[in-house]
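need coordinates for the following:
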Amino acid sequence: MPAMTDPTHSLNGFQKALDEGELRLQCGELDTELSVLSDRPQGAMRMTYARIQDQTVTAIAVFVLTEPIEGLPCFQLGIAVPEPHRRQGRAKSIVEAAIAEMENGFSRNKIPAFYVEAIVGADNVASQRVAAATLSDAPKAVTDQFSGIPALQYLRKVG
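Coordinates of the predicted model:
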């Protein structure tokens, strides 16, 4: 059976690249404890925000540019927190910090608003809590377009 996209794969790849010294990270402007990587795999703009403690990634939020909504940029959000760091508020914290950084940078570049979307598996209660707290408390029932699995769409207009 197909599975939904798992952001843990991004976290593991990011950790490996960090360990091998392959990443050129920047600090957040508003939150200097936030590490930021902007790149374009397969041509799509991607912004990765990470919390790193002693060379270990403790939380990651990945935003990939997707189809615009109402003419505004829309970013698909994926979040991952390694097992030893879960249930400490890290996912919610990194999403809030990342969105604040994006809003700051985009407004400076004359982009007044954008959307953030998360498609969360109907059985992923932990991610539903994070999305409800950071994006929208009124998700829409959808079917994940890649896996066909029942999911919830959380959508927030920022700006």
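
give the other helices and strands that the lengthiest helix in the chain contacts.
The longest helix of the chain (DSSP state H) is helix 90-108. Under the contact definition 3 or more C-beta pairs under 8 Å, 6 or more residues apart in numbering; DSSP states H and E, helix 90-108 sits against strand 34-39, strand 46-53, strand 56-69, strand 72-80, strand 114-121, helix 125-134, strand 150-158. Where you see a C-beta, it was placed from the backbone N, CA and C, and this is true even at glycine.

so how far is that helix off the chain centroid?
The chain centroid and the centroid of helix 90-108 are separated by 10 Å, computed with C-alpha atoms, centre = their mean, to the nearest Å.

for that helix, buried residues please.
90-103, 105-106 (16 or more other C-beta atoms under 10 Å).

please identify the most buried of the helices and strands packed on helix 90-108.
Stretch with highest mean neighbour count among the helices and strands packed on helix 90-108: strand 114-121 (a mean of 22; mean count of other C-beta atoms under 10 Å).

count the residues that sit near the closest residue to Asp19 other than its chain neighbours.
What sits nearest to Asp19 in space, not counting adjacent residues and going by C-beta to C-beta, 6 or more residues apart in numbering, is Gln55, at 7.2 Å. Counted with other C-beta atoms under 10 Å, the neighbours of Gln55 add up to 8.
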